[in-house]
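Enquirer: Quick one: sequence and predicted model below, then my questions.
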Amino acid sequence: TQLLEQSPQFLSIQEGENLTVYCNSSSVFSSLQWYRQEPGEGPVLLVTVVTGGEVKKLKRLTFQFGDARKDSSLHITAAQPGDTGLYLCAGGLGSARQLTFGSGTQLTVLP
Amino acid sequence: EAGVAQSPRYKIIEKRQSVAFWCNPISGHATLYWYQQILGQGPKLLIQFQNNGVVDDSQLPKDRFSAERLKGVDSTLKIQPAKLEDSAVYLCASSLERQFFSGNTIYFGEGSWLTVV
């Protein structure tokens, strides 16, 4: 059983469309991170959210941490082909000495 | 600043053979991690070192996997004997601090791709 469930698993959209991907858990996380992983590369950190209800923006990407710190979402506005990749959420539990990763959302943005 | 270096990038072996992966973390990073990423899944932590000591190896299959970090810098991950289900990307990562918090970024290498046939 995955501690962090991501949905959808696959998403294919046209350039210019908006999208939201979700990261859900029954556990409370001390903080949560979002990563993007491109083919043949390791994951690269996009953002860390710490406070329940926190919203962070990174250009066209908006990240939200749920009030109860059990879920998070990533919204991309006007997606571009360069946004294509595997989006992973990862949470820290308890003393948070390690990250637990979700299974990822594979995003393809078609030109 | 140089990133996390891993080698080899690709390896194909037969089941029951052995394989070793090498990792050189970012200079000055005390914490080193080995993750296993099976196709279609997120990375799973295998082992975490703080300097040359093991912090967490609870998910490392110790009957076939071993890892060491001599002198607190480079690390090697070995699999012997390999099984078909070990086919995955092995990601090495490093960070300045041990604990996961907002200011402590984990940097990943490009990974070592293992195929067991």
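Expert: Ah, there it is.
Enquirer: OK, contacts around residue B:90?
Expert: B:6, B:21, B:34, B:35, B:36, B:37, B:46, B:77, B:111, B:112, B:114 (Cβ atoms under 8 Å, 6 or more residues apart in numbering or on different chains). Every C-beta, even on glycine, is put in place using the N, C-alpha and C of the backbone.
Enquirer: would JSON lines of those residues with distance to chain A, secondary structure and neighbour count be doable?
Expert: Below are these laid out as JSON lines (distance: Cβ to the nearest Cβ, whole Å; DSSP: H, G, I helix; E, B strand; the rest coil; neighbours: other Cβ atoms under 10 Å in any protein chain shown):
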{"residue": "B:6", "distance to chain A": "9", "secondary structure": "strand", "neighbour count": "24"}
{"residue": "B:21", "distance to chain A": "13", "secondary structure": "strand", "neighbour count": "23"}
{"residue": "B:34", "distance to chain A": "12", "secondary structure": "strand", "neighbour count": "26"}
{"residue": "B:35", "distance to chain A": "8", "secondary structure": "strand", "neighbour count": "27"}
{"residue": "B:36", "distance to chain A": "11", "secondary structure": "strand", "neighbour count": "22"}
{"residue": "B:37", "distance to chain A": "8", "secondary structure": "strand", "neighbour count": "23"}
{"residue": "B:46", "distance to chain A": "11", "secondary structure": "strand", "neighbour count": "20"}
{"residue": "B:77", "distance to chain A": "15", "secondary structure": "strand", "neighbour count": "23"}
{"residue": "B:111", "distance to chain A": "6", "secondary structure": "coil", "neighbour count": "25"}
{"residue": "B:112", "distance to chain A": "11", "secondary structure": "strand", "neighbour count": "23"}
{"residue": "B:114", "distance to chain A": "14", "secondary structure": "strand", "neighbour count": "20"}
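Enquirer: Report the helix or strand with the lowest average pLDDT across chain A.
Expert: Taking mean pLDDT, DSSP states H and E as the measure, strand A:99-101 is the helix or strand of chain A with the lowest mean score, a mean of 86.
Enquirer: Over to chain B?
Expert: That would be, for chain B by mean pLDDT, DSSP H and E, strand B:53-56 at a mean of 90.
Enquirer: name the helices or strands packed onto that strand?
Expert: On a contact count with 3 or more Cβ pairs under 8 Å, 6 or more residues apart in numbering or on different chains; DSSP states H and E, strand B:53-56 meets strand B:44-50.
Enquirer: avg pLDDT for the helix or strand containing residue A:63?
Expert: According to DSSP states H and E, residue A:63 maps onto strand A:61-65. For strand A:61-65, the mean per-residue pLDDT is 96.
Enquirer: Need the per-residue pLDDT for the most centrally placed residue in chain B.
Expert: For chain B, residue B:34 is the residue whose C-alpha lies nearest the centre (Cα atoms, centre = their mean; 2.5 Å). Here, the pLDDT recorded for residue B:34 equals 97.
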